[in-house]
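**Q** Sequence unavailable; structure follows:
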């Protein structure tokens, strides 16, 4: 069984994957890792202009979040994430079919796991091989309040953000991106959890949803 957990950054995907993995002894991988492998390969054989089109967010990044969010709007950054997700689809596809063929259970989590991709893989390899859930956050003010309390080691928002307005720009990006996932999940008839409130309780519900 392949357990897919998708959604924007900072919505609980890794937390859910780790807890699910620990409780049920199922290995997990972040789609960020698969992107790094794919991007490394592409960088060797594709022209630089093509590489930049495939990975626009990676090429936009400033030295910190304040700089990055001055280079582009939150909406533009979310759209760059969406483009990068598409560039990693083949890597996720290949990883998925290898684990299915070997009869392994595996958790794959990340923003690259989109409703459109999951739908395509279900049609290709059969619904019986997948359990799917998406997570999102839609309340900007609560996002900013919660992220400042984050205990995540080397949290990329806290570590690289100094300006107060940048926290809200990031929150705006996350909520816009969550809206995209919500719309796509509805289109393909997948479940998406709003993680704004009762986070720990929602994580437990999501685990039960995936395992039952």
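**A** On my side now, so go ahead. Small disclaimer: the values here were computed from a predicted structure and weren't measured. Residues are numbered from 1 along each chain as shown.
**Q** Disregarding residues adjacent in the polypeptide, which is nearest to residue 70?
**A** Closest residue to residue 70 apart from its sequence neighbours, by Cβ to Cβ, 6 or more residues apart in numbering: residue 62 at 7.3 Å. Heads up, the C-betas are built off the backbone N, CA and C, glycines and all.
**Q** Is it correct that that neighbour is in contact with residue 72?
**A** No - Residue 62 is not in contact with residue 72 according to Cβ atoms under 8 Å; the separation is 9.7 Å.
**Q** Between these two, point out the one with more neighbours.
**A** Neighbour totals were compared for residue 62 and residue 72, and residue 72 leads with 18 against 13 (other Cβ atoms under 10 Å).
**Q** For residue 127, see how far away that one is.
**A** For residue 72, the distance to residue 127 equals 38 Å [Cβ to Cβ, to the nearest Å].
**Q** Can you give me the separation between residue 76 and residue 111?
**A** Look at residue 76 and residue 111: by Cβ to Cβ, they are 16 Å apart.
**Q** and the longest helix along the chain, what other elements does it pack with?
**A** Longest among the helix segments of the chain by residue count, using DSSP state H, is helix 164-188. When contacts are defined as 3 or more Cβ pairs under 8 Å, 6 or more residues apart in numbering; DSSP states H and E, helix 164-188 packs onto helix 65-71, helix 74-87, helix 115-125, strand 130-136, helix 140-147, strand 192-194.
**Q** which parts of the following helix or strand past the shortest one are buried?
**A** By that I understand strand 192-194. Moving toward the C-terminus from strand 192-194, the next helix or strand (DSSP states H and E) is helix 199-211. By neighbour count on 16 or more other Cβ atoms under 10 Å, the buried set for helix 199-211 is 199, 202, 203, 206, 207, 210.
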